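Novice: Predicted model and sequence follow; I will ask about them next.
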Amino acid sequence: MLPNSLRLAVVVMILTASTGSLTTPADARSVDIPDWLQKHVGTGDGQIAPIVLDRARALYQKKVRQGLVKNPCYLAKDATRPSTSASGKPGRRFYVICESTKSFRAVSSGYGNGRNLQRANFSNGRQCARNFSNAEGSKLTTGGSYVTAETRTSFKGYYNQSGMRKPFYRTFLLFDGEGETRNARERAIGGHQAVFLKWQCRFKNPQSPHADDEGYVPYGKLVNYTGGRSNGCTTWSQSASKEILALVEGSPTTLYIYPESSDIDAVAKALKKGRSLSRAGLYWNAACLQAIGTPKFWPKRTLQPIINQWRQSLPKQSPLVLPICK
């Protein structure tokens, strides 16, 4: 039996390509995965696909060795999974793994909804993601390697709770990426609770620290989109968001999101040739693959000019002025 250090070296060599990206066949498994974690590996509901776990572990171990991460837990996401499970509940495609305490949790998470522009339709449906990109303004998910960074909490407005108007604050966890994900901050890509405040009106509240020059504050309705689509960010339920934010506050860790552009291109080529993904050593969630047909990655160099042109074509609009609440 190989020593732990040698076994780990073998895993790293398998998972790390000369370009620095994490590449491994879909059916390959790290030989040092502990038994308690092996039972969570698979493609069923609440399980993590082998390729996703292998790459997430390799990224985490790499950053730990570099001294960049000391958090005992790491994160992973499988954006090929559906938004809704067979039971009708939000599909679990985000993972919190703490090997030191033998803890594994699978929770729901959103993916990028994209856009439908005149020159290109790169929008995603509510159940499965077909389109991916790292272009700024694309509202799409980009798979690859990230490290969690600082958090920022912002005021979104007031909402009604038990007959009283309460301020709503949402905390945003920034991600720092590398390679194709290195523009994560430029894209404002991070993680937060899957809730936004849909503004309806404004009311007078000069005592509020958030009041404008005339003493008004925005008021609206909370909209929960747990397990649905986002603007490209990773979104969680209220309970999962609270746990994850507490876990990484002041202690960054790694996040690996599957699939990368190379995975998407490889799957698309295999499907075009009529090849079996499993025989080709590739992975995509079967239910979503049936729903989307062929996935597509839109590289920044291709999509960014289209988005920029669309933005420049938009007519100038007057600043939004909310009506007074009745």
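Specialist: Sure, I can see it.
Novice: could you pull out the strands for the stretch 101-250 of the chain?
Specialist: Under the criterion DSSP state E, counting those that start in this stretch, the stretch 101-250 of the chain contains strands at 103-108, 111-112, 131-133, 144-161, 164-177, 190-193, 195-204, 216-224, 229-230, 234-236.
Novice: export the ones you listed to CSV and tack on mean neighbour count?
Specialist: Quick note: C-beta positions are derived from backbone N, CA and C, even for glycine. What follows is the strands of the stretch 101-250 of the chain, written out as CSV (neighbours: other CB atoms under 10 Å):
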stretch, mean neighbour count
strand 103-108, 19
strand 111-112, 27
strand 131-133, 28
strand 144-161, 18
strand 164-177, 16
strand 190-193, 24
strand 195-204, 16
strand 216-224, 17
strand 229-230, 22
strand 234-236, 26
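Novice: least reliable of those going by mean pLDDT?
Specialist: Across the strands of the stretch 101-250 of the chain, strand 229-230 has the smallest mean pLDDT, namely a mean of 82.
Novice: Neighbouring strands - and their directions - for that one?
Specialist: Applying DSSP bridges, strand 229-230 is found paired with strand 111-112 (parallel).
Novice: Work out the gap between the partner strand and the centre of the chain.
Specialist: 7 Å (CA atoms, centre = their mean, to the nearest Å).
Novice: And for stretch 309-322?
Specialist: For stretch 309-322, the distance to the chain centre is 28 Å (CA atoms, centre = their mean).
Novice: buried residues in that stretch?
Specialist: Residues of stretch 309-322 classed as buried: residue 322 (neighbour count, 16 or more other CB atoms under 10 Å).
Novice: so which of the strands of the stretch 101-250 of the chain gets nearest residue 54?
Specialist: Closest approach to residue 54 among the strands of the stretch 101-250 of the chain (CB to CB): strand 144-161, 13.2 Å.
Novice: CSV for the strands of the stretch 101-250 of the chain, including distance to residue 120?
Specialist: Output for those, formatted as CSV (distance: least, CB to CB, whole Å):
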stretch, distance to residue 120
strand 103-108, 29
strand 111-112, 15
strand 131-133, 9
strand 144-161, 22
strand 164-177, 23
strand 190-193, 25
strand 195-204, 26
strand 216-224, 27
strand 229-230, 18
strand 234-236, 24
